[in-house]
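Student: sequence isn't available, so here's the structure alone:
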């Protein structure tokens, strides 16, 4: 073993760079669908630096060409321990396609925002190539794409139920979630040829499940799920519950004549362990191979930002964060955050503006259960839905203190918050005067000092029925925030904007719900901009409801708009104010006997002009 870096501080990406370090072998070769940016916001860079710190020689092959003679897969030869494969920071299918399955023309993780630098299903494609070239070499897959496909899963883009990506890719191992601790443990076992089956967050294949696990649950097989959607829904409820427990069980699922076994998550890293990751020698820059190429948009977005925690206890139905990072919050120390601000401020091109101090959310820093024993017993997927847990300490005081400390830095001219703000936590009355004061102070401080023109938040919908299925708070909570925001705007004589994000076509959402969304937001003075159509992604509650038509927790049927026409029918309500949408909306509402909603939206002039639009299939329930 041995570590090292080239003369510009980066890990090697070519044979020439490796030889310049005097290396005659490489322990681990990582393949990623992203450009190589040596920054702690890029997963491949973090894994590379963690393995390097453990004493291993690590090389990175970014965005290999999978369509030529495969020279990118051959150029470094065979690693001593294993190949690692990730699609990058995004699922390759989400990266490539819109909600309507149209091919995107951009890729923020590629120089020049250029699309086409990675294949569809990148983890599977890269892995199959490597296994063909090096059939006996260990191959480990990870990252968000592999993580969310660790069990049999519904794939929206092919409209099929697929087996675990461990099976389809041919990889030897899958490590799900945030993999720093597990990847080093697995590397040690591979190096020493010892039993790996107890490594947390490891998914592997096994002929049997009779030994080695004291706490193991077996879920319905892939084949059973193919023939019965109810069994697939039941699997999800169990997997989500165990994934969100502090001490979950191992889970086995039969595929054919064998099993895939997924070990439970690691305990969330403590502050000291998280700080250690951010102390690693990241250059915070794209590799020199990109010196004469266009900018990498994803890097430009995070270059002047600092991540302060990981994990999310929101448990939103459509989100993959808790399934990947866990619901328990791990926070960096204030000293660690300030050290990164020092490093950022020392860069020659630092503008003085930090554009984010956040994480999966802006305001969960240092939040945890008061009584950890209660957290160990907890089986809830969300700590704040349907109501904020009474054991959760929601005080924003530590965050207020951190904001102050960063804002006082001599080279920081402005601190803006770009991560999504869970305003429902800050507005929630705890009954504890000190906490409630700190939380209201947070919102006041955020709006007065740390909004760079626009504060973007995500109420997602206005219908309580739909919001319940989304595991989001009532829209009344957003209205309360808007009242506060508008009041501060007037007091400060500012022209800040509060920008809400909304989703259409979510399971449970019908035309009447979308019409009421249009009416509510119109009455509040909005002409919506930040909107999206629901995209089913693997391993979310919303996707299970979309595929099965069932709420896996209640067993109730859930209507879901699925066709392109149904989705477009909902989307137009976001843009009710466009003249070209008026006739279609009025016709549709009249045909569904919802004339009263058309009148509320357009007033007394709710009759369409011109030809009547063809009646579409009813999509409300």
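Tutor: Ah, there it is. All of these numbers come straight from a predicted model, not from anything done at the bench.
Student: shouldn't residue 239 be within a helix?
Tutor: Yes. Secondary structure of residue 239 (DSSP: H, G, I helix; E, B strand; the rest coil): part of a helix.
Student: model confidence for it, exactly?
Tutor: Residue 239 is assigned 96 on the pLDDT scale.
Student: go ahead and confirm it touches residue 217.
Tutor: No. Here residue 239 does not reach residue 217: they are 9.1 Å apart, not a contact under CB atoms under 8 Å. No exception for glycine: its C-beta is placed from N, CA and C like everyone else's.
Student: mutual contacts of the two, please.
Tutor: residue 251 (CB atoms under 8 Å, 6 or more residues apart in numbering).
Student: between the two, who's got more neighbours?
Tutor: Comparing residue 239 with residue 217 by neighbour count (other CB atoms under 10 Å), the higher total belongs to residue 239, at 22 against 16.
Student: which residues touch that one?
Tutor: Listed by CB under 8 Å, 6+ apart, the contact set of residue 239 reads 151, 219, 251, 539.
Student: all strands of the stretch 1-150 of the chain, in order?
Tutor: According to DSSP state E, counting those that start in this stretch, the stretch 1-150 of the chain carries its strands in the segments 28-32, 37-38, 58-62, 82-86, 138-141.
Student: report the distance from the first one to the chain centre.
Tutor: Put plainly, it is strand 28-32. Centroid displacement of strand 28-32 relative to its chain, using CA atoms, centre = their mean, to the nearest Å, is 22 Å.
Student: who are the packing partners of it?
Tutor: Applying 3 or more CB pairs under 8 Å, 6 or more residues apart in numbering; DSSP states H and E, we find strand 28-32 packed against helix 43-53, strand 58-62, strand 82-86.
Student: now do the shortest one
Tutor: On a contact count with 3+ CB pairs under 8 Å, 6+ apart, strand 37-38 meets helix 43-53, strand 285-286.
Student: quick one: closest of the ones you listed to residue 193.
Tutor: Nearest to residue 193, of all the helices and strands packed on strand 37-38, is helix 43-53, at 18.2 Å by CB to CB.
Student: the closest one vs strand 58-62, what angle?
Tutor: 170 degrees (axes from the mean of the first three to the mean of the last three CA atoms, to 10 degrees).
Student: in the stretch 401-550 of the chain, which spans are helices?
Tutor: In the stretch 401-550 of the chain, the helices defined using DSSP state H, counting those that start in this stretch lie at 423-427, 433-449, 464-470, 475-492, 511-523, 541-548.
Student: out of those, nearest to residue 137?
Tutor: Taking CB to CB, helix 541-548 is the member of those nearest to residue 137, at 33.6 Å.
Student: give the next helix or strand downstream of the closest one.
Tutor: Next along the chain after helix 541-548, taking DSSP states H and E as the criterion, comes helix 564-571.
Student: contacting residues for residue 51?
Tutor: Neighbours of residue 51 in contact, by CB under 8 Å, 6+ apart: 27-28, 58, 183-184, 187.
Student: contacts for stretch 366-373?
Tutor: 309, 313, 328-329, 331, 375, 378, 383, 389, 391-395, 398-399, 425.
Student: switch to 7 Å and redo it
Tutor: Under the contact criterion CB atoms under 7 Å, 6 or more residues apart in numbering, stretch 366-373 has outside partners 329, 331, 375, 391-394, 398.
Student: what would those look like in a markdown table with secondary structure?
Tutor: Output for those, formatted as a markdown table (three-state DSSP):
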| residue | secondary structure |
| --- | --- |
| 329 | coil |
| 331 | strand |
| 375 | helix |
| 391 | coil |
| 392 | strand |
| 393 | coil |
| 394 | coil |
| 398 | helix |
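Student: between the residues you listed, which is nearest residue 289?
Tutor: When the contacts of stretch 366-373 are compared for distance to residue 289 (CB to CB), residue 331 wins out at 34.4 Å.
Student: for the closest one, give me its contacts.
Tutor: 271, 308-309, 365-366 are the contacts of residue 331 under CB under 7 Å, 6+ apart.
Student: skip the chain neighbours and tell me the closest residue to residue 573.
Tutor: Nearest non-adjacent residue to residue 573, counting by CB to CB, 6 or more residues apart in numbering: residue 514, 3.9 Å away.
Student: wait, that neighbour touches residue 502, no?
Tutor: No. Contact criterion CB atoms under 7 Å: residue 514 and residue 502 do not qualify, at 9.5 Å.
Student: which one's more surrounded, these two?
Tutor: residue 514 (30 against 22).
Student: which stretches of the stretch 51-200 of the chain have low pLDDT?
Tutor: For the stretch 51-200 of the chain, no stretch has pLDDT under 70.
Student: count the neighbours of residue 167 for me.
Tutor: Neighbour count of residue 167, defined by other CB under 10 Å: 19.
Student: on the three-state scheme, it is what?
Tutor: helix.
Student: pretty sure it sits against residue 256.
Tutor: No. Contact status for residue 167 versus residue 256: not in contact, 8.1 Å apart, counting by CB under 7 Å.
Student: can I assume residue 174 sits in a strand?
Tutor: Yes. Assessed by three-state DSSP, residue 174 belongs to a strand.
Student: contact partners for the nearest residue to it once chain neighbours are set aside?
Tutor: Spatially, and ignoring its direct neighbours in sequence, residue 174 is nearest to residue 203 (3.9 Å; CB to CB, 6+ apart). Neighbouring residues of residue 203 by CB under 7 Å, 6+ apart: 150, 166, 174, 176, 260-262.
Student: please repeat the previous calculation with a cut-off of 8 Å.
Tutor: Each residue near residue 203 by CB under 8 Å, 6+ apart is listed here: 150, 164, 166, 173-176, 260-263.
Student: and of those residues, the nearest to residue 198?
Tutor: Out of the contacts of residue 203, the member with the shortest distance to residue 198 (by CB to CB) is residue 263, at 7.0 Å.
Student: you'd agree that closest one is up against residue 249?
Tutor: No. In this structure, residue 263 is not within contact of residue 249 by CB under 8 Å, at 9.4 Å.
Student: of those two, which one has the most company?
Tutor: Using other CB under 10 Å as the criterion, residue 263 and residue 249 rank with residue 263 on top: 23 against 17.
Student: how about the contacts made by the more buried one?
Tutor: Contacts of residue 263 by CB under 8 Å, 6+ apart are 197-203, 250.
Student: hmm, who's touching stretch 505-515?
Tutor: So stretch 505-515 is contacted by 99, 318, 460-463, 465-466, 469-470, 504, 533-534, 542, 545-546, 558-561, 566-567, 569-571, 573-574, 585, 588-589, 592, 594, 597-598, 601, 618-621 (CB under 8 Å, 6+ apart).
Student: give the PyMOL command for selecting the buried subset of those.
Tutor: A single PyMOL command selects the buried members of the contacts of stretch 505-515 (16 or more other CB atoms under 10 Å):
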select buried, resi 99+318+460+461+462+463+466+469+470+504+533+534+542+545+546+558+560+561+566+567+569+570+571+573+574+585+588+589+592+594+597+598+601+619+620
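Student: state the distance from residue 427 to residue 491.
Tutor: 18 Å (CB to CB, to the nearest Å).
Student: meant to ask about residue 521
Tutor: When residue 521 is compared with residue 491 (using CB to CB), they lie 24 Å apart.
Student: between those two, point out the one with more neighbours.
Tutor: Each of residue 521 and residue 491 has its neighbours counted (other CB under 10 Å); residue 521 has more, 20 against 11.
Student: what residues does the nearest residue to that one once chain neighbours are set aside make contact with?
Tutor: The shortest distance from residue 521 to any non-neighbouring residue, by CB to CB, 6+ apart, is to residue 528 (6.0 Å). Residue 528 sits next to 500, 502, 521, 574-575 when contact means CB under 8 Å, 6+ apart.
Student: now swap in residue 383 and tell me
Tutor: Residue 383 touches 313-315, 327, 369, 389, 392, counting by CB under 8 Å, 6+ apart.
Student: ok, now residue 435?
Tutor: Going by CB under 8 Å, 6+ apart, residue 435 touches 393-395, 397.
Student: residue 39: which of those is nearest?
Tutor: residue 397 (29.6 Å).
Student: excluding chain neighbours, what is closest to the closest one?
Tutor: residue 438 (4.1 Å).
Student: where along the stretch 101-250 of the chain do the helices fall?
Tutor: Ranges of helices in the stretch 101-250 of the chain, per DSSP H, counting those that start in this stretch, are 122-133, 143-147, 165-169, 180-192, 222-227, 229-243.
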